[in-house]
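J.: Here you go, sequence then predicted model.
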Amino acid sequence: FTKKKQGLSLAIHAALEAFVGKEAASTAQPDFFEVMGRSIMMPHVVSKKVMVSDFSTLFSSSRFGPQDYIALCGRYETILIDNVPQLTNKNLENVRRFIQFIDEAYQHKTNLAMTMETSIDSLFALDGKDVFLNQDDMLFYKQSSEKSDEKFSYKRIISRLHEMKSNEYLASPHRPS
């Protein structure tokens, strides 16, 4: 990925400055809240509206689950995620958490910015065994009969990520919880 500043890439810091301004970006503070009786702390939050995290914090452990993603997307109007890798079947739990999060961000009309290792269309590369993109950027499975739910999920997430970049989506009001 790229050079780091306070544990996050310079690219995600630039995105944060674009959303809130340079002065406000330097005022990021931890934010504490509860989800189902558990205390959650997000270390980089500006004005209680914009949250910054890296992929591994949000998706690479069992620390967060569906209820947490509902709370995060309902709480923050904008979420910036740093260092999103290409998603493979080496850790399907991370893939599933990411899918749950994107679904919630989409439902809450949360603005999303990410630094990614790959393009949206190449995000899911499950060892080349299960999925691939054809020339029309449609997601297909080589073993579609066994994996229809996952096939639908990957297609849905790619479609939603493209839509979430649109001016129409970005102009939509946030839907807090």
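T.: Cool, the structure landed.
J.: use CA for all of it now, contacts and neighbours both
T.: Will do.
J.: pLDDT averaged over stretch 59-69 - what is it?
T.: On average, the pLDDT along stretch 59-69 is 92.
J.: Skip ahead from the worst-scoring helix or strand of the chain on mean pLDDT and say which helix or strand is next.
T.: Least confident element among the helices and strands of the chain, by mean pLDDT, DSSP states H and E: strand 139-141 (a mean of 42). Using DSSP states H and E, the helix or strand that follows strand 139-141 towards the C-terminus is helix 148-163.
J.: which helices and strands does that next one pack with?
T.: helix 92-107, strand 139-141 (3 or more CA pairs under 8 Å, 6 or more residues apart in numbering; DSSP states H and E).
J.: Can you list the strands that the longest strand seen in the chain pairs with?
T.: What stands out as the longest strand in the chain, according to DSSP state E, is strand 38-46. As defined by DSSP bridges, the strand partners of strand 38-46 come to strand 29-35 (antiparallel), strand 50-54 (antiparallel).
J.: chain center to it: distance?
T.: Between the centre of strand 38-46 and the centre of its chain there are 16 Å (CA atoms, centre = their mean, to the nearest Å).
J.: same thing with stretch 25-42?
T.: On CA atoms, centre = their mean, the centre of stretch 25-42 falls 17 Å from the chain's centre.
J.: just stretch 152-168 next, same as before
T.: 12 Å.
J.: which other residues reach it?
T.: Contact partners of stretch 152-168, identified using CA atoms under 8 Å, 6 or more residues apart in numbering, comprise 99, 102-103, 106, 111-112, 120-121, 123-124, 138-139, 169-170.
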